[in-house]
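1. Predicted model follows, preceded by the sequence.
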Amino acid sequence: MKRIFAGLLAAAMSLSLLAGCGQEENTAPAAEDTQQQETVEPGYEEGLTTRIAALKGPTAMGLVCLMDDNQAEDAPYQFDLYTSGDEIVPLIAQGEVDIALIPTNLAATLYQRTEGGVQVLDVNAGNVLYVVSHDETLTDLEGLGGKTVYMTGKGTSPDWTLQYLLEKSGISTDELTIEFKSEATEVVSALAQDSAAVGILPQPFATVAMMQDQEMSLNFPLENAWKEYSPDGSGIATGVTVVRTAFAEEHPAAVAQFVADHQQSVAAAEEDPARAAQLIEQAGIVNASVAQQVIENFNPMTAASGEEMQAWVSGYLEMLYEIAPDAVGGQLPDEGFYYLG
């Protein structure tokens, strides 16, 4: 597979904003027994401002239209964007953030460390990892043999994902050379200097690489191989939205309202990628031309909740646990990890 984009230089950081998701206020009463996670009617709670933290990346991309609608002084949400999950974790632990959009494995680790202090509301980002190179004939993992592979994320999800897939594919790490870079831009530079090398890049950086180098090919998403080995065909659940368990118990209607708002926000961005891209640029996240290409061609956004979320996340964590137990906090989360209310 080959995708070549026009030669645009884009300074990329990541993604996270959107467009028009107006909703009428719902004042439905909150359910009482949230520990049993009964169905709760969505509703805004008067006087309540839900504090939301998100990473500046694909995990926050589906929030943009909700953020754009949340401009009034009495708006129900307060949004703050961060560059690292390490900045968000203490805020959740200290009760300074109610809802957070973070990597899936970090959510599992946080659940263990806080003894059930957070629960997963939805999956907010699917696969974002793509193989790119100057060889348009490269179509699968087997083609990595004998190559030098540049990527970021040593000791994080991208690293564990690749290790898992190589092991399942029967490819020894001795058959290729993996070089880790601190930033995606360094991977792009390395590929420019070594035309025989391969890169594994997250979006939007994979798109940026091809915008900068018209000879670059987007070969295949890592998710292709991942689904081969997934028992139920589930893909890579890159990011999830978590809520503090105490907040969910106290404000179940507000939590249900956020889940509904998030779903509408994703739908609005998908319906109008151009507007969503402009909002992303206005927030200083990434160039609009990059954002629009990512939404239209790869669309990692989602807001899958309920049983679909549970099946997707649990399958992903089980596969990560197999290759690196510490990646998910040393053990798989129990059923309490999944908010099904």
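-> Thanks, I have it. Numbering: from 1, shown residues only.

2. Does Leu222 touch Asn127 like I think?
-> Yes. Between Leu222 and Asn127 there is a contact under C-beta atoms under 8 Å: 6.7 Å. Every C-beta, even on glycine, is put in place using the N, C-alpha and C of the backbone.

3. any common contacting residues for these two?
-> Ile236 (C-beta atoms under 8 Å, 6 or more residues apart in numbering).

4. Return the distance of the strand ranked longest in the chain from the chain's centre.
-> The strand that spans the most residues within the chain, counting by DSSP state E, is strand 118-125. Taking C-alpha atoms, centre = their mean, to the nearest Å, one finds strand 118-125 lying 10 Å from the centre of the chain it belongs to.

5. Counting by contacts, list what that strand packs against.
-> strand 99-103, helix 104-113, strand 239-244, helix 245-250, helix 252-271, strand 301-305, helix 306-323 (3 or more C-beta pairs under 8 Å, 6 or more residues apart in numbering; DSSP states H and E).

6. By mean pLDDT, flag the weakest helix or strand of the protein.
-> helix 205-212 (a mean of 88; mean pLDDT, DSSP states H and E).

7. Might one say that Asn224 is in contact with Asp140?
-> Yes. In terms of C-beta under 8 Å, Asn224 counts as a neighbour of Asp140; the distance is 7.4 Å.

8. More neighbours: those two, which one.
-> The neighbour comparison of Asn224 against Asp140 (other C-beta atoms under 10 Å) goes to Asn224, with 17 against 13.

9. about what we covered before: and the helices and strands packed on strand 118-125: which comes nearest Gly145?
-> Nearest to Gly145 among the helices and strands packed on strand 118-125 is helix 306-323 (19.5 Å), distances taken as C-beta to C-beta.

10. That closest one to helix 104-113, inter-axis angle?
-> Orientation of helix 306-323 against helix 104-113 (axes from the mean of the first three to the mean of the last three C-alpha atoms, to 10 degrees) gives an angle of 90 degrees.

11. Give the buried residues for helix 306-323.
-> Met309, Gln310, Trp312, Val313, Ser314, Gly315, Tyr316, Leu317, Met319, Leu320, Tyr321, Ile323 (16 or more other C-beta atoms under 10 Å).

12. Just give the nearest non-adjacent residue to the last one, would you?
-> Meaning Ile323. Tyr164 (4.2 Å; C-beta to C-beta, 6 or more residues apart in numbering).

13. Tell me which residues touch that neighbour, please.
-> Tyr229, Met319, Leu320, Glu322, Ile323.

14. Would you reformat those as a markdown table and include pLDDT and distance to Ala209?
-> Converted to a markdown table, the contacts of Tyr164 look like this (pLDDT from 0 to 100; distance: C-beta to C-beta, whole Å):
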| residue | pLDDT | distance to Ala209 |
| --- | --- | --- |
| Tyr229 | 88 | 27 |
| Met319 | 91 | 27 |
| Leu320 | 92 | 26 |
| Glu322 | 92 | 30 |
| Ile323 | 91 | 27 |
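
15. Beta-bridge partners for Ile99, please?
-> Ile52, Val243 (DSSP bridges).

16. Return the distance of it relative to Asn297.
-> 29 Å (C-beta to C-beta, to the nearest Å).

17. what about the two, which has more around it?
-> Using other C-beta under 10 Å, the more surrounded residue of Ile99 and Asn297 is Ile99, with 25 against 14.

18. correct me, but that one touches Thr245?
-> No. The pair Ile99 / Thr245 is not scored as a contact, 11.7 Å apart, by C-beta under 8 Å.

19. And the strands in this protein, which stretches?
-> 50-55, 77-82, 99-103, 118-125, 129-133, 148-152, 177-181, 198-202, 217-221, 239-244, 301-305.

20. Adding distance to Pro273 and mean pLDDT, write those out as CSV.
-> Below are the strands of the chain laid out as CSV (distance: least, C-beta to C-beta, whole Å; pLDDT from 0 to 100):
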stretch, distance to Pro273, mean pLDDT
strand 50-55, 19, 96
strand 77-82, 20, 95
strand 99-103, 20, 96
strand 118-125, 16, 96
strand 129-133, 18, 96
strand 148-152, 26, 97
strand 177-181, 29, 96
strand 198-202, 19, 95
strand 217-221, 18, 94
strand 239-244, 19, 97
strand 301-305, 10, 94
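
21. can these go into a markdown table with extra columns for distance to Ala283?
-> A markdown table is the format used below for those (distance: least, C-beta to C-beta, whole Å):
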| stretch | distance to Ala283 |
| --- | --- |
| strand 50-55 | 11 |
| strand 77-82 | 7 |
| strand 99-103 | 14 |
| strand 118-125 | 17 |
| strand 129-133 | 24 |
| strand 148-152 | 23 |
| strand 177-181 | 26 |
| strand 198-202 | 19 |
| strand 217-221 | 26 |
| strand 239-244 | 18 |
| strand 301-305 | 16 |
